[in-house]
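Asks: got a predicted structure here, sequence first:
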Amino acid sequence: ARSAMAGSLKLERVVEALALLLRRPGGGTGTDSGSLQTAKHAALLETLNSNLAALEEKLGQDPQWNELRTLRAEVGEQATWLENSADVTWSFTCQVLLLLLSLKKCMILLAAAYHPAKPNPRTAEAAPALSPDTLSISQQKTVQSALQFVITLGLCPFLLPGVGIPLKHRTEFSAAVQDVVSPNAAPSATHRLYASCTALLQIAQHPSLGNLILTRHLGDLIAGLCQLGFCPTKGKGEQARPLEQLKSLTEEQRTCCREALKSVLDRVYQPLVVRELLVLQGGSKQGLQSPGQEVKQPLAQAPAWLRRLCGQLLSERLMRPSGVQAVVRGIMEGTGTTAAGGSGAEAAAADWRKCDMVARILASCPQQSLSLEDYYRQVCPQILDLLHIQDKLTAHQFQRVVTTALLTMARERPQLAVKYLLHPMLAPLLQCWDMAEMAMEDLPAGTVLVKEAELSRCVEDVFKVYVVGNEPSDVLLESLQPALGVIFSLYCFTKQNVSHLRSPCQEILLWVLEKSEREVALSTLEGFAGLGRTMQFLHPLCQFQVAGGGGAMITVKETISDEEEALYQKVSSEQWQMEQLVDLLTHCQKSGLAGDFFICCLKELTHVAAKDEAGLDAVPLSGESLMELEQYHSQHLVGQKKKLLVLQLVAMLCERVSDTVFTDIVQVVEFVAVTLQRACASLAQGSEGTVEAQTLSMSMGLVAALLGGAVQLRSGDFAILKQLVPLLEEITRIHPEPVIQELAADLRITICTHGAFSTQTVGTAAQSTLGEKIGSSRSGGQTHTNPTERPEDKTAGLSLGQPQRNENCSHTNSSMASNPSPKGKNGESTMQKECPTGTPTADHTPQQLQELLLSAYDPEIPVRAAALRCLSFNRAEGPRGT
């Protein structure tokens, strides 16, 4: 205890000596304000001289300082760099360094003699006692002032132009010191720089003192070591003389400086090292300025050797473990990320240019790397780790950096980016099948194959890189295709319960469908529905299982021995996936993808139906082999399953999205073309039924409504409609109903003439489809008015160009759609009795005409055909009354 007390007194004595040496003429210490900061030349030198004299007087006369005098003498004997000089500034620097070394030795002795008592478990827990070598706040301030003097007087004045930040760009006191200390006048400037750096390195060996040096003066210390260890000894012009002074250092001393630099760089917090190296490299030439001041002269550009050295050192930082994060933090920290206030932090988060600059640095392979692939192998896992930063603001910046770096790598080196970035990121989704093969033999049911944290991290990473990054390159889209099936399965699973993975899965699927080519998007949807290409969903032996916190994990599924139960679960799962696919399509209606997929399903329905009809005659004979028979039945079952899937999907689409499925006339025309093709196929096979007839009637009525003014058609729209002409011609040729033949022919003529010629049949069909009044002017048997010329005359969405109906018919419109046509015996319409087929008459009473118009809306095609024939004949004969 007595030795500890003596050591504590010795430590306080050293700090007191430092305070005496650093005092200002009015009392106090430091370099922040006062006369020392504003003193010039003689005043500054006089102050330093008086402080040195006061210290020597105190050491020589005060007996209480004898121990300190002895300690300083011991330290001085070990300081090989110490030299006697008439230069006041260097003498002052040497004395400060000796006292700091004495302080270090005193703190080491105190720490070695300290033996804390063991805590008593029976007493209440209390804070541990501080080590006796701990400096108080006031003592730390004194030491910091002393270090500032050493840097200002003994290190910075001897740095070459462009190496570090000049003194004149720092404080007023630093500028005054620069005028006092002249490196060119000093006979041994290099030795003084070497002595200061060596002494500071010795002081920094103590943890407490090292923190003060390496956190506040790291840049200056690195600059001095770089100059001593790496600066060339030959130069031209003004740099020749200071460079020649480096020859006075031995090669051993320069090697020691290089090793010391490496040790310092490895010891310090790496982002801080990166930041200081960037400053030393000379990234900014504007100089540093104090608030309210302007820098008159820009910073000198760093010499070429220093720029190359800093680039090499930065590359080494990058290639180290966690080097990517160190580089990113070194550039991004201090720009608002760690600010206490929110405004600076938000400004830093919005600085996308800096983030992009960091990303370009990460995407560029340094020269020190063995190969490009070796660089990607080391750096890419670290880049992916940046996506998992927990701090929200830092994560926002890092996410932008990672996304930009990944997209740049994918653009410049797609194969390496897929191998070392994209595939590792998608690994939990892509490896399900490989892991499941192992599970089939060895792993019991319930074994976790992919943990909840891994699966959640994978989905979130994909969302950040693909959706938030939002650069739909071919490399990214193709890399995600193998995992889409598993993502869709996970999406369907999350719809069964509350999960935070539902939204990112949905956004990923929608992003892929939106950014892919339309053919690829349709193929992907067909894969989800089980219609097209083989989609790799979750392995049949695996299952998603609910995890804590709304997550999910992949486990081995329990084998179900009951075949009926297994079949039920399989069918239920497929039904649920189909429903979720339709729900997903409800978000794709504005882009037109839902409409295109609906048309694609109708085409598939036509294809399956035609194939099924063609396959009826291909049943193998009983004499064929059993293998061929079994193969036939297997193919037949696959076809039947596909047909059922198509029918189910079409039914769901009609129920959920049919009202707004089509977004433009192109899709409407394609829909009509598909229905006409199916009608032609049914007619060719002689299998037209009620459904086919109603579908044909609906599609032709839809074309008539388009031509009748339901939408405003342009010349380009008629070019789209012309693809229906061959199909309408085929309907005219093979359909047995004359009224359908006539309507198909009239529609074909109207399309070919771009609406310049339109018959009453087209107008009647349009009215029947829309169920509303068509307002038009009276004309002859035919009209030559283009429906696109006067859109302002449209009534209920229909434009002109339709023939005028008899005025006696106008009052019946309100009851047409609701009242069915009167029927006679055997379901025969009274209209058919009064106006038999082939013998229509124009002499109708108003009541008969009303019945005639009502029959035009009858759901039965023969009744509607007879009414249309009578109406056409009535138009041809002309009105006979009012």
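Replies: Yep, that arrived.
Asks: just the strands in this protein please.
Replies: Per DSSP state E, the chain carries strands over the ranges 448-450, 542-546, 552-556.
Asks: pLDDT score assigned to residue 93?
Replies: Reported pLDDT at residue 93 in the predicted model: 90.
Asks: residue contacts, residue 677?
Replies: Residues near residue 677 by CB atoms under 8 Å, 6 or more residues apart in numbering: 603, 606, 727. (Each C-beta comes from the backbone N, C-alpha and C, glycine too.)
Asks: can you give me the buried ones in stretch 674-691?
Replies: For stretch 674-691, the neighbour count (16 or more other CB atoms under 10 Å) marks 674-683, 688 as buried.
Asks: from residue 392, how far out is residue 422?
Replies: Counting by CB to CB, to the nearest Å, the gap from residue 422 to residue 392 is 26 Å.
Asks: between those two, which is the more surrounded one?
Replies: Neighbours of residue 422 and residue 392, each counted by other CB atoms under 10 Å, are more numerous for residue 422; the result is 26 against 9.
Asks: list the residues that contact that one.
Replies: 410, 475-476, 479.
Asks: kindly recompute the last result at 10 Å.
Replies: Shown in contact with residue 422 (CB atoms under 10 Å, 6 or more residues apart in numbering): 380, 384, 406, 409-410, 414, 430, 462, 465-466, 475-476, 478-480, 483.
Asks: which of those residues scores worst on pLDDT?
Replies: residue 430 (82).
Asks: what count of nearby residues applies to it?
Replies: 18.
Asks: in the stretch 201-350 of the chain, where is pLDDT below threshold?
Replies: 235-246, 283-299, 334-350 (pLDDT under 70).
Asks: equivalent analysis for the stretch 1-150 of the chain, please.
Replies: Residue ranges of the stretch 1-150 of the chain with pLDDT under 70: 1-9, 25-41, 119-127.
Asks: and the gap between the closest residue to residue 224 other than its chain neighbours and residue 165?
Replies: Distances taken as CB to CB, 6 or more residues apart in numbering place residue 197 nearest to residue 224, at 4.5 Å, with adjacent residues excluded. Using CB to CB, one obtains 17 Å as the distance from residue 197 to residue 165.
Asks: the more surrounded of those two?
Replies: residue 197 (27 against 19).
Asks: so what's the more buried one up against?
Replies: Contacts of residue 197 (CB under 10 Å, 6+ apart): 81, 154-155, 158, 220-225, 227-229, 256-257, 260-261.
Asks: can I have the buried ones of these as a ChimeraX selection?
Replies: Selection command for ChimeraX covering only the buried members of the contacts of residue 197, criterion 16+ other CB under 10 Å:
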select :154,155,158,220,221,222,223,224,225,227,228,229,256,257,260,261
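Asks: quick one: which of the contacts of residue 197 sit in helices?
Replies: Those of those mapping onto helices are 154, 220-225, 227-229, 256-257, 260-261, per DSSP state H.
Asks: now do the contacts for the residue nearest to residue 527 when sequence neighbours are not counted.
Replies: Leaving out its chain neighbours, the residue that sits closest to residue 527 by CB to CB, 6+ apart is residue 535, at 3.4 Å. For residue 535, the contact set (CB under 10 Å, 6+ apart) comprises 481-482, 484-486, 488-489, 523-529.
Asks: any of the residues you listed buried? List them.
Replies: Buried residues within the contacts of residue 535, counting neighbours by 16+ other CB under 10 Å: 481, 484-486, 488-489, 523-529.
Asks: with pLDDT added, can I get these in TSV?
Replies: Formatted as TSV, these follow (pLDDT from 0 to 100):
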residue	pLDDT
481	91
484	92
485	91
486	92
488	93
489	92
523	91
524	91
525	91
526	89
527	89
528	90
529	87
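Asks: deepest-packed of the strands of the chain, please.
Replies: Among the strands of the chain, strand 552-556 has the highest mean neighbour count (mean count of other CB atoms under 10 Å), at a mean of 23.
Asks: from the contacts of residue 422, list just the buried residues.
Replies: 380, 384, 406, 409-410, 414, 430, 462, 465-466, 475-476, 479-480, 483.
Asks: tell me which of those residues fall in helices.
Replies: If you go by DSSP H, the buried ones among the contacts of residue 422 have 380, 384, 406, 409-410, 414, 430, 462, 475-476, 479-480 in helices.
Asks: of the residues you listed, which is the nearest to residue 11?
Replies: Distance to residue 11 across these (CB to CB) is lowest for residue 384, with 49.3 Å.
Asks: mind listing what that closest one touches?
Replies: Listed by CB under 10 Å, 6+ apart, the contact partners of residue 384 are 324, 402, 406, 420-422, 424-425, 457, 461, 465.
Asks: go on, residue 203?
Replies: By CB under 10 Å, 6+ apart, the contact set of residue 203 is 97, 100-101, 103-104, 143, 146-147, 150, 209-210, 212-213.
Asks: try it again at 7 Å.
Replies: Contact analysis of residue 203 by CB atoms under 7 Å, 6 or more residues apart in numbering lists 100-101, 104, 209, 213.
Asks: farthest-separated two in those residues?
Replies: With CB to CB as the measure, no two of the contacts of residue 203 lie farther apart than 101 and 213, at 12.6 Å.
Asks: rewinding a little: same list (the contacts of residue 203) but as JSON lines, adding distance to residue 590 and neighbour count.
Replies: Output for the contacts of residue 203, formatted as JSON lines (distance: CB to CB, whole Å; neighbours: other CB atoms under 10 Å):
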{"residue": "100", "distance to residue 590": "72", "neighbour count": "25"}
{"residue": "101", "distance to residue 590": "75", "neighbour count": "23"}
{"residue": "104", "distance to residue 590": "72", "neighbour count": "21"}
{"residue": "209", "distance to residue 590": "67", "neighbour count": "23"}
{"residue": "213", "distance to residue 590": "63", "neighbour count": "23"}
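Asks: quick one: buried residues of stretch 359-379?
Replies: Within stretch 359-379, the residues scored as buried using 16+ other CB under 10 Å are 359, 361-363, 365, 369, 375-376, 378-379.
Asks: my bad, stretch 201-220
Replies: Those would be 201-204, 206, 208-210, 212-214, 217-220, for stretch 201-220 by 16+ other CB under 10 Å.
Asks: ends of it, what's the gap?
Replies: Stretch 201-220 has its terminal residues 12 Å apart, counting by CA to CA, to the nearest Å.
Asks: brilliant, that's me finished.
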